[in-house]
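Peer 1: Predicted structure and sequence below. I'll ask about it afterward.
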Amino acid sequence: MEKGQHRSGRILLADNDPEALEIRAEHLESLGYRVFTAPSYEAARQMLSSTWVHLALLDLRLTDDTDDRDRSGLLLAQDEAFSAIPKLIITKFPDWEAVREALGPSRSGEPLARDFIDEKEGLQAMVQAVAHAFERYVHINQNLILHCDERSLLSWPALAQVADPSLADPALIADRAEEMEDLWRRLFYEMAEVHLDRLLLRRGRCAVLRVLAFPGQGHAQELIVTVGPREAVVQEAGRFERWRPDEAGQRGMRQALFAETRSFAGIAYAPTEGGLEDAALFSDYYRATSASEVCEIVDDLFGVSLSPWHGQPRRYEDRPLNELYRERLGFGHSREGRRLLEESVEKLCQQALALGLTRVETTRYRLSFHLPDDKRLDLPHPAVFVYPDSEQTEIGPPALCGTNLGAVTGDRILVNDRERRTWPLDFSQIGPAPLLDDYVSLEASILFDLVRKDLVAQQHLIEALLRPSGLADPLEPPATLSADLHKAVRVIGHLRGRAATIPGSDLEEYLLGLLFQGARRLLTFHLGRRYPRQRLVAGLNVLLTTGLIGQWLEGTPAPMPPSLPKDARTGLWVDEASRSVWVEGRQVSLSRLLYNLLVALYRRAGQVCDRTTIAREVFKQEFVNLTMEETRINSLIRRLRQRVEPDPSQPRYILTHHGIGYVLYPEGQSETG
């Protein structure tokens, strides 16, 4: 436990006059301040970059006292990297222009400097300005009682090293630990006592903790606090404010507090309803409870906690879904990104083989699994869909997008079992994304993180999940699956059933998102690193899943018929038995969605097929939003024409009846015919 003991204020004093620097430093130190000195602009910048200080006193002319154009002290004050540190400008050459510039606003709206001190006014004026700055601008609660555990990750050195894993020098670790403590004293400036109760999550270089904060009077406040590198946490705070719904809904989190130092930042979130004391992570809750109880939590998560976020305006993006998912998950550009994914898969397969696990052969486009009993399974490489070479493996456009949290996983959701309530923990990825992104994220977490199984069991599980033709269709697990996998199928079926109620939802788009979630996990296998057996088994399960989904997405290749009928040679012909499409003697490959659209038109050849019918038969839903559904259908028709029409700009087979729908002529017809 650490009680509020008065600690010395930390001051950077920068002046190119050695005598003045020494006199001021000695005087401030005699008053109890801890002073770090810098005799030049370069030294001051280095000191600000490497040492945590509460306040900076900068000479206006840090480079050349004889140059009346020298504003190097102000130049340093303008640097956004040091904006969390209040500055005072001190000079023996004051002028109104310099004063006006020093006290003017920075890009953030705050003044570059908090005060402008004329050296001629003496040391006492400087001391008064420093005391005033500590009182008004430093905002560090030295009287705050902080309870942490110096033997665990709930300590200042440990939290600092989570935020900056490169820290190795003991002196630097001590400096950053003091800065981390000051961040908490700044974040809880209005509080009297704070308990760091529990570490909930390590998310990259950020830590997420449950905290109890006590004001001077009144009850304790339960908070979720995220601390980490300043840039990452500032970005999260900005995302939360930009994308949060106007109404918090029945339950959620509000951003209660924010603070930053030079290196770190912290956000405190407060629940709008309910208590966090008995809450557990979804991953722990899933393993400890029945499928029906987990389904209740899924209902609360998507029906209550996330509903205000998902209910915000949606729009169609006229880009392939593959591209949107690459952007959403932060994948690299096509050539370099594909190379990294292929190398990660190759690394996984090599290490798995070296440990006597399943042999997997890889090429640029295919995977070949050598399963027990001499069975061989040939599947598409996930890179084919993550970085498609052709339109055949592109899904969409259009893609329906809305606001998603983007981090709905087992370790980033809190569950209160007694009250059946949920809260998200991670707001770092909030933003527009494919509509089903959060549903897909949770299913991927269940499949890849929460259920352990061997490769054969994984194959049977995924094949059961791929058997339905729509999100709303029931899932029927085979009797051979274990109880744990039966539970997973039941929960996933319930999750998909909720996703199916969203207008614009589609199984093809959903499964592509699941493939991308798998690819994201595959990319964690880096060259030059070695992995334990359990991690490699999990990686092979992910790889097999992406391959099976890829096989579903590409469909079963249609066999070449011994002879083509006349309609296939001279017009447009669909063989529904083999799911093959022929146009003027050439076979056309289509995605599942485009094939279903073509079949809906083909079955009504020569008749107008209105958009309501298309929505019902192709998307398996009613035509609920006129503008959005028309946009989606029109974009799909454009893509279908690009695949089947010899000249898409002059369509012959799929013609538009404006204001109604479309008509397909298998023999071909001009727009005026």
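Peer 2: That came in fine, so what should we check first? Residues are numbered from 1 along each chain as shown.

Peer 1: which stretches of the stretch 101-250 of the chain form helices?
Peer 2: In the stretch 101-250 of the chain, the segments counted as helices under DSSP state H, counting those that start in this stretch are 123-133, 156-163, 170-187, 230-243.

Peer 1: I'd like those written out as JSON lines, with distance to Leu74 and mean pLDDT added.
Peer 2: All C-beta atoms are positioned from the backbone trio N, CA, C, and that covers glycine. Rendered in JSON lines, the data for those read as follows (distance: least, Cβ to Cβ, whole Å; pLDDT from 0 to 100):
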{"stretch": "helix 123-133", "distance to Leu74": "17", "mean pLDDT": "92"}
{"stretch": "helix 156-163", "distance to Leu74": "30", "mean pLDDT": "95"}
{"stretch": "helix 170-187", "distance to Leu74": "25", "mean pLDDT": "94"}
{"stretch": "helix 230-243", "distance to Leu74": "22", "mean pLDDT": "94"}
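
Peer 1: give me the beta-bridge partners of Glu260?
Peer 2: Residues in a beta bridge with Glu260, per DSSP bridges, are Ala265.

Peer 1: Export the helices of the stretch 101-250 of the chain as TSV, with columns for distance to Asp284 and mean neighbour count.
Peer 2: What follows is those, written out as TSV (distance: least, Cβ to Cβ, whole Å; neighbours: other Cβ atoms under 10 Å):
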stretch	distance to Asp284	mean neighbour count
helix 123-133	47	16
helix 156-163	21	22
helix 170-187	27	20
helix 230-243	24	16
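
Peer 1: now these as JSON lines including distance to Leu655?
Peer 2: Converted to JSON lines, the helices of the stretch 101-250 of the chain look like this (distance: least, Cβ to Cβ, whole Å):
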{"stretch": "helix 123-133", "distance to Leu655": "75"}
{"stretch": "helix 156-163", "distance to Leu655": "61"}
{"stretch": "helix 170-187", "distance to Leu655": "64"}
{"stretch": "helix 230-243", "distance to Leu655": "42"}
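
Peer 1: among those helices, which is nearest Thr363?
Peer 2: For the helices of the stretch 101-250 of the chain, distance to Thr363 was read as Cβ to Cβ. The smallest value, 38.0 Å, belongs to helix 230-243.

Peer 1: what packs against that closest one?
Peer 2: For helix 230-243, the elements it packs on are strand 221-229, strand 253-260, strand 264-271, judged by 3 or more Cβ pairs under 8 Å, 6 or more residues apart in numbering; DSSP states H and E.

Peer 1: Helix or strand next in line after the last one, which one?
Peer 2: Using DSSP states H and E, the helix or strand that follows strand 264-271 towards the C-terminus is strand 279-281.

Peer 1: Give me the contacts around that following strand.
Peer 2: For strand 279-281, the external contacting residues (Cβ atoms under 8 Å, 6 or more residues apart in numbering) are Leu200, Leu201, Arg210, Gly410, Asp411, Ile413, Leu414, Val415, Asn416, Asp417, Trp423.

Peer 1: One more pass at 7 Å, please.
Peer 2: The list of residues contacting strand 279-281 from outside it, by Cβ atoms under 7 Å, 6 or more residues apart in numbering, reads Leu200, Gly410, Asp411, Ile413, Leu414, Val415, Asn416, Asp417.

Peer 1: now do stretch 227-241
Peer 2: By Cβ under 7 Å, 6+ apart, the surrounding residues in contact with stretch 227-241 are 159, 163, 183, 205-207, 226, 255, 258, 260, 263-267, 427-428, 430-431.

Peer 1: on that earlier part again, quick check on the contacts of strand 279-281: which are buried?
Peer 2: With neighbours counted using 16 or more other Cβ atoms under 10 Å, the contacts of strand 279-281 contain these buried positions: Leu200, Gly410, Asp411, Ile413, Leu414, Val415, Asn416.

Peer 1: between the residues you listed, which is closest to Asn141?
Peer 2: Nearest member of those to Asn141, counting by Cβ to Cβ, is Leu200, at 24.0 Å.

Peer 1: tally of neighbours for the nearest residue to the closest one once chain neighbours are set aside?
Peer 2: With Cβ to Cβ, 6 or more residues apart in numbering as the measure, Val208 is the residue that lies nearest to Leu200, at 4.9 Å, once sequence neighbours are left out. Neighbourhood size, Val208 [other Cβ atoms under 10 Å]: 23.

Peer 1: Name all residues that make contact with Val208.
Peer 2: If a contact means Cβ under 7 Å, 6+ apart, then Val208 has Leu200, Leu201, Ile224, Thr226, Leu425 as its contacts.

Peer 1: That one and Asp438: what is the separation?
Peer 2: Using Cβ to Cβ, to the nearest Å, one gets 18 Å for the distance from Val208 to Asp438.

Peer 1: With Glu150 instead?
Peer 2: Glu150 is 38 Å from Asp438, where distance means Cβ to Cβ.

Peer 1: Which helix or strand in this protein has the lowest average pLDDT?
Peer 2: One helix or strand of the chain scores below all others by mean pLDDT, DSSP states H and E: helix 96-103, with a mean of 59.

Peer 1: ok, the residue sitting nearest the centre point of the chain - contacts?
Peer 2: Nearest to the mean C-alpha position of the chain, by Cα atoms, centre = their mean, lies Gln429 at 3.2 Å. When the contact criterion is Cβ under 7 Å, 6+ apart, the partners of Gln429 are Leu405, Gly406, Ala407.

Peer 1: Over to it. Which of the three states is it?
Peer 2: What DSSP: H, G, I helix; E, B strand; the rest coil gives for Gln429 is coil.

Peer 1: Show the pLDDT at Leu340.
Peer 2: Looking at Leu340, its pLDDT is 93.

Peer 1: That one touches Gly332, doesn't it?
Peer 2: Yes. Applying Cβ atoms under 7 Å, one finds Leu340 in contact with Gly332, separated by 6.3 Å.

Peer 1: quick one: which of those two has more around it?
Peer 2: Neighbour count, other Cβ under 10 Å: between Leu340 and Gly332, Leu340 has more, with 17 against 14.

Peer 1: Name the residue most distant from the centre of this structure?
Peer 2: Taking Cα atoms, centre = their mean, the residue of the chain most remote from its mean C-alpha position is Lys120, at 54.1 Å.

Peer 1: Kindly state the pLDDT recorded for it?
Peer 2: Per the predicted model, pLDDT is 82 at Lys120.

Peer 1: any idea how far it lies from Leu200?
Peer 2: Here the criterion is Cβ to Cβ. By it, Lys120 lies 55 Å from Leu200.

Peer 1: do the same with Ile297
Peer 2: Distance, Ile297 to Leu200, by Cβ to Cβ: 17 Å.

Peer 1: Grab the nearest non-local neighbour of Asn596.
Peer 2: Of all residues not flanking Asn596 in the chain, Val618 sits nearest, at 5.0 Å (Cβ to Cβ, 6+ apart).

Peer 1: neighbours around the one you found, how many?
Peer 2: 22.

Peer 1: All the helices of the stretch 551-673 of the chain, in order from the start?
Peer 2: Going by DSSP H, counting those that start in this stretch, the stretch 551-673 of the chain shows helices at 566-570, 592-602, 611-618, 626-644.
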